[in-house]
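Asks: fold the following and give me the result.
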Amino acid sequence: MKNSLQPESQMMSFGYKPELSEGAIKPPMFLTSTFVFKTAQEGKSFFEVAYGLREKKDQEDLGLIYSRINNPNLQILEERLCLWNREDDCAMFESGMAAISTVFLEFLKPGDLLVYSMPTYGGTSHFIEDYLTRQGVQSIAVRATDSFEEVVAKVESSGRKAQLKLIYLETPANPTNDLFDIRLYKKIADHFSTKEATVSLAVDNTYMGPLWSNPIEHGADLVIYSATKFIGGHSDVIAGAVLGKAELLHRLKVMRTFLGNMASPHTCWLLIRSLETLKVRLEQQARNAQKIADALKDDPRVEKVSFLGHLEPGSKSHTIYSQQYSSAGTMISFELKGGEEEAFRFLNSLKLIKLAVSLGSTESLVQLPAAMTHIGMSKEARAQMGISDKLIRLSVGIEHADDLLLDILNGISQSFTEVK
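Replies: Numbers count the residues shown, from 1 in each chain. Sure, this is the predicted structure:
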């Protein structure tokens, strides 16, 4: 039955037995710190599996021990998230940055080398360039335009190719929509892997959500999400997720147990609810985004539009897009003619669309990365990444497309009205 149903159908009941919860049609919120063992022998058995002292037997579940290790809400959510792209396992975290930082802390140690894509989310960039640097981890930034030979040359010229342990990609990139070829970086990871040490490939797939891309099938070992975004999708919860190969997820879950940064039962309960409408939400958002991006592209007051649905056929980016994605998504970046002043006027004139950071929510959100989420980067670094002072990032919601478009066009008109 499991394999014959589509993921959106399984989101309603998979992993939950109503008879264990007084017949409740939906999973209750399990607000408990600890769980009672039937026998001392059962408690020992549960701990053996949890601490990796033995492998689970066929049909054996990880017994409930303590909510820092596992919880019914946590387990149901992790099992359901795996269904979208058939990943082996999932680990939920209390925030997207908790997921990202735990991956770095588990797979990197002082002296190691990290290759990471730029641009990337400001929090990720800061963690790499500030915290990891202070811990003795060296990093190399790569661009979407870099070739196999160029990336290999960067690693070899660092003098630390033997220390390369992790490649981290965020694609599509925040906030420019740049696309990185996951298959290319899998080849690079394999190129530097040895019998003694494997280079792992992690991909932040937040911009696409689990619906429109499956990085695992293109070579990724780990897939990372800020589950706050499309997975949660209602601007009412902060969470993160990592999915991928079972042996790597086991390592992350052990690290999570000791860091104590797992998602709470309440967070998981909210996300279980949100998964039921994930597909219908994202499909509506994508339709809205296409209509808005098309209108922006044709507006003479708009200088540039970055949207996956507008990639030039035959271009490198379009080739990657056709291989890795099944939708153009809901994220649009664009520049109005003028500069920061015109961008500010536009943002301040919007009525329906909310001026706020974050993305992937039911309501449309807009922000100016150079002045907000990426303000911590130097002006020179932002310029190299294509993040200008007037680049506007729009996350399209589920409102009526015509209402959103009217708000945007009114805002553009206001931005070019002379201030007296």
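Asks: wait, is Cys90 part of a strand?
Replies: Yes: applying DSSP: H, G, I helix; E, B strand; the rest coil, one finds Cys90 inside a strand.
Asks: my read: it touches Leu81, true?
Replies: Yes: between Cys90 and Leu81 there is a contact at 4.7 Å, judged by C-beta atoms under 8 Å. Any C-beta I mention is one placed from the backbone N, CA and C, and that applies to glycine too.
Asks: show me the common contact partners of these two, please.
Replies: Common neighbours of Cys90 and Leu81 (criterion: C-beta atoms under 8 Å, 6 or more residues apart in numbering): Ala241, Leu243.
Asks: of those two, which one has the most company?
Replies: Leu81 (28 against 24; other C-beta atoms under 10 Å).
Asks: Lys304 - that's part of a strand, no?
Replies: Yes: secondary structure of Lys304, determined by three-state DSSP: located in a strand.
Asks: dump the residue contacts of it.
Replies: Lys304 neighbours (C-beta under 8 Å, 6+ apart): Phe334, Glu335.
Asks: in what helix or strand does the spatially closest residue to Glu8 that is not a sequence neighbour lie?
Replies: Excluding the flanking residues, the one nearest Glu8 by C-beta to C-beta, 6 or more residues apart in numbering is Lys279, at 4.6 Å. Here Lys279, judged by DSSP states H and E, is contained in helix 278-297.
Asks: any buried residues in that helix, and which?
Replies: For helix 278-297, the buried set under the neighbour-count rule, 16 or more other C-beta atoms under 10 Å, comprises 278-279, 281-282, 284-286, 288-290, 292-293, 295-296.
Asks: who does Ala141 form a beta bridge with?
Replies: Tyr116 (DSSP bridges).
Asks: contact partners for it?
Replies: Tyr116, Ser117, Met118.
Asks: also Gln290?
Replies: Contacts of Gln290 (C-beta under 8 Å, 6+ apart): Gly309, Ala328.
Asks: quick one: Gly23 from Tyr16, how far?
Replies: In this view, Gly23 and Tyr16 are 12 Å apart by C-beta to C-beta, to the nearest Å.
Asks: so what sits against both of those two?
Replies: What both Gly23 and Tyr16 touch, as defined by C-beta under 8 Å, 6+ apart, is an empty set.
Asks: quick one, which of these two is more surrounded?
Replies: A count of neighbours by other C-beta under 10 Å puts Tyr16 above the other of Gly23 and Tyr16, at 20 against 7.
Asks: tell me the pLDDT at the more buried one?
Replies: Here, the pLDDT recorded for Tyr16 equals 92.
Asks: what sits against the closest residue to it other than its chain neighbours?
Replies: Excluding the flanking residues, the one nearest Tyr16 by C-beta to C-beta, 6+ apart is Pro27, at 5.0 Å. Counting by C-beta under 8 Å, 6+ apart, Pro27 touches Tyr16, Ser21, Pro72, Asn73, Ile76, Trp269, Ile272.
Asks: what's around the residue nearest to the second one when sequence neighbours are not counted, how many residues?
Replies: This points to Ser21. With sequence-adjacent residues excluded and distances taken as C-beta to C-beta, 6+ apart, Ser21 is closest to Pro28, at 5.3 Å. Look at Pro28: counted by other C-beta under 10 Å, it has 14 neighbours.
Asks: domains for this structure, by residue range?
Replies: 9-32+67-275, 278-415 (automatic domain parsing).
Asks: turn these into JSON lines, columns for distance to Glu60.
Replies: Formatted as JSON lines, the domains of the chain follow (distance: least, C-beta to C-beta, whole Å):
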{"stretch": "domain 9-32+67-275", "distance to Glu60": "14"}
{"stretch": "domain 278-415", "distance to Glu60": "30"}
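Asks: so which of these comes closest to Gly43?
Replies: If you check each of these against Gly43 by C-beta to C-beta, domain 9-32+67-275 wins as the nearest, at 12.4 Å.
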